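> When you get a sec, could you give me coordinates for this:
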Amino acid sequence: MRSKITAGTILSVLAMLSVAFSPVSVVGQGMVFIEVDVLAKECEAGSSVGYQWFAFNDFDRAYLLEVSVDVASGERWASELNQRVFVLFPQGSAFVNLTVYAEDDATSLTVNQVVTFLFTDLNDTSSTITRTTAVSTQLITVWGVIAPGKNKLLGQFDNPLPAPLDGNYATFFLNIGIWAAIALFIAFVIDPTVRMFTKRTKTDIDDRVLKVLRRPVFMLVIVFGLVSSSSILPLGEGDVRIIFQSYGIVLITIVTFVAYRLFKEVLVYFGKRISSKTKSEIDDVLIPVIDMIGGVIILIFGAIGLVNYLGYDITFLLAGVGVFGLVIAFAAQDALSNFFSGIFLLLDRPFSEGDYITISTGEICRVERIGIRSTRLYEVFKNDYIILPNNKLVNDKIINMDEPDEQGKASVEVGVAYGSDIGKVEKILIELASNHPNVLKDTGKEPVVRFLKFGESSLDFGVYFWVDSFMNQWMVAHDLRKQVYQRFAEERIEIPFPQRTVYIKEMPKPGK
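Take a look at the predicted model:
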């Protein structure tokens, strides 16, 4: 069951609200009217403020509430009511909201408005109650304390010149002169003094930073002087806003330029210096990549900041960039695969530049250069260059002939005739291999001979040996083959070759 709200209850509640917000008015004999907000507010250009009123019908009959707004002064301002007509039934209430907008090019600093509330008895239309209230909205200028028309030097000091040189325009030019003098003082006094101290330091980081900042700081002082001096002129708020927005664009451009130059002239420069002193190749390859990608990222962030400052929604732009990035990534997946494979080769170091490797196709190559996309190999026996994509090298079988050291193993096989002295053959092979200057004789690496198998026409032996460098294995094998042939000839040890005996069977003649 709904309980009836009495006028006394409503008045009690409104009385408590009145303490917190504003005075309560009783219009006529039973219409309660409250000004919820203060009637004087400040508003920034391009923004809005709101005012609110509350009406309560304590009559036993319905009333029609009509709200209207009259603008007494103020160009480039706009007002909007949440509703212009309300029906207030007995014990009914309504909130009336007025929103005041100041356009970007608003020229009036203050707008005064009269809001009229007309209560009409629906049972007797000739019975009306009228209540009017005035609201005042003051524009907050873009410049804050340095407001247009404020005749101050540097925003603080009065113009000491006599009339007519104490006006806005004379103060403007005088202010420009002061800022020019400040800029010249920075350029010809402060800058040389700072450079004198930086030259005495052991590092040239401060010299490079100072070189990058010198011109931007000078430009910032000049631009800020022009912009702040413009606030002295009796310009409209729209004109001031254009100047201020242009200043923001210049500021973002200069900051982006400084960040780009500091990245290039300081970070990348010292990265290259450090990488030139290290033995690792990864920094020599990554520094140019970071140089290129980092510069692009700084420019992109600067462009995004500029677009966002101009008030454009960058959500769709970022979404478009993301989709475009996915398309590029899909189209360039092989290039990206080679790029990350190159990074993997530089980090994992399965081989280094200058190493000799054997690739899966059998070629023996010297690694000339490990790039971001491909690796350049020199084929030692054919005097050719082989260019392989990095992802193939990462996923293929590679033999690094320089690991664990430069020593290598080789062998020479030879067959002797059946009936030869096996012990003598073994002794000769061990002697020849041990006497070669490039064959190692260290413990555990002495030459050994093995009886391999009984061949079809020979007894097959193999001599196995270590060489001082894997690149000498072919030369040593060549020398040993020559010496074995000569020594076996001297010792009358036969090196047989395959023989075939062919028997011709005579077929019987027909009829016999």
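
> buried ones in stretch 48-65?
Val49, Tyr51, Gln52, Trp53, Phe54, Ala55, Phe56, Asn57, Asp58, Phe59, Tyr63, Leu65 (16 or more other CB atoms under 10 Å). To be clear about C-beta, it is placed using only N, CA and C from the backbone, and glycine gets the same treatment.

> Keep only those of those residues that are in helices.
The members of the buried residues of stretch 48-65 all map outside helices under DSSP state H.

> which of those residues lies closest to Ile242?
Val49 (23.2 Å; CB to CB).

> Okay, strands next: where are they in the stretch 251-400 of the chain?
Assigned by DSSP state E, counting those that start in this stretch, the strands in the stretch 251-400 of the chain fall at 356-358, 364-370, 374-379, 384-389, 399-400.

> Farthest pair within the buried residues of stretch 48-65?
Farthest pair in the buried residues of stretch 48-65, by CB to CB: Val49 and Phe59, 32.6 Å.

> that older thread, dump the strands of the stretch 251-400 of the chain to CSV, plus mean neighbour count, distance to Gly295 and mean pLDDT.
Below are the strands of the stretch 251-400 of the chain laid out as CSV (neighbours: other CB atoms under 10 Å; distance: least, CB to CB, whole Å; pLDDT from 0 to 100):
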stretch, mean neighbour count, distance to Gly295, mean pLDDT
strand 356-358, 19, 35, 86
strand 364-370, 19, 24, 86
strand 374-379, 19, 24, 87
strand 384-389, 14, 26, 85
strand 399-400, 14, 36, 84
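
> What is the nearest of the buried residues of stretch 48-65 to Ser458?
Val49 (109.3 Å).

> Could you list the buried residues of stretch 129-141?
Buried residues in stretch 129-141 (16+ other CB under 10 Å): Ile129, Arg131, Thr133, Val135, Ser136, Thr137, Gln138, Leu139, Thr141.

> same deal with stretch 417-427?
Buried positions in stretch 417-427, judged by neighbour count with 16+ other CB under 10 Å: Ser420, Val425, Glu426.

> Please identify which of these is nearest to Glu44.
Closest to Glu44, out of all of the buried residues of stretch 417-427 and judged by CB to CB, is Glu426, at 102.9 Å.

> how close does that closest one get to Ile243?
101 Å (CB to CB, to the nearest Å).

> For the residue most central in space within the chain, give its distance to Ile304.
Centroid-nearest residue in the chain: Ile297, 4.5 Å away (criterion: CA atoms, centre = their mean). Relative to Ile304, Ile297 is positioned 10 Å away (criterion: CB to CB).

> cool, and Ser93?
Where Ile304 is concerned, Ser93 sits at a distance of 48 Å (CB to CB).

> ok, the two, which is more surrounded?
Ser93 (17 against 14; other CB atoms under 10 Å).

> still on that earlier bit, which of the buried residues of stretch 129-141 fall within strands?
Taking DSSP state E as the definition of strands, the buried residues of stretch 129-141 contribute Ile129, Arg131, Thr133, Val135, Ser136, Thr137, Gln138, Leu139.

> how about the helices in the chain?
7-20, 168-185, 191-198, 205-230, 237-262, 269-277, 282-309, 315-331, 333-348, 390-395, 422-435, 473-490.

> Reformat the ones you listed as CSV; add distance to Val416 and mean pLDDT.
As requested, the helices of the chain are exported to CSV (distance: least, CB to CB, whole Å; pLDDT from 0 to 100):
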stretch, distance to Val416, mean pLDDT
helix 7-20, 118, 45
helix 168-185, 98, 85
helix 191-198, 83, 85
helix 205-230, 75, 85
helix 237-262, 77, 84
helix 269-277, 59, 76
helix 282-309, 54, 78
helix 315-331, 65, 68
helix 333-348, 48, 69
helix 390-395, 44, 81
helix 422-435, 5, 91
helix 473-490, 7, 91
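
> okay, those helices, which one's buried deepest?
Among the helices of the chain, the stretch with the highest mean neighbour count (mean count of other CB atoms under 10 Å) is helix 390-395, at a mean of 18.

> Which strand residues bridge the residue nearest to Lys453 when sequence neighbours are not counted?
Excluding its sequence neighbours, the residue lying closest to Lys453 (CB to CB, 6 or more residues apart in numbering) is Asp460, at 5.1 Å. Judged by DSSP bridges, the bridge partners of Asp460 are Gly415, Lys453.

> Out of the buried residues of stretch 48-65, the closest to Cys365 would be?
Using CB to CB, the buried residues of stretch 48-65 come closest to Cys365 at Val49, 76.7 Å.

> wait, the closest one sits on Ser136?
No: using CB atoms under 8 Å, Val49 is not in contact with Ser136, being 11.0 Å away.

> Now the common contact residues for those two.
Lys41 (CB atoms under 8 Å, 6 or more residues apart in numbering).

> Asn168 and Pro234: what is the separation?
In terms of CB to CB, Asn168 sits 6 Å off from Pro234.

> And for Phe301?
38 Å.

> if you skip the residues just before and after it, what's nearest to Trp53?
Val96 is the one closest to Trp53 (CB to CB, 6+ apart), at 4.5 Å.

> isn't that neighbour right next to Gln83, touching?
Yes: contact criterion CB under 8 Å: Val96 and Gln83 qualify, at 7.4 Å.

> So these two - more neighbours on which side?
Val96 (20 against 11).

> sorry, back to before: residue contacts, the residue nearest to Lys453?
Glu413, Val414, Gly415, Phe451, Leu452, Lys453, Phe454.
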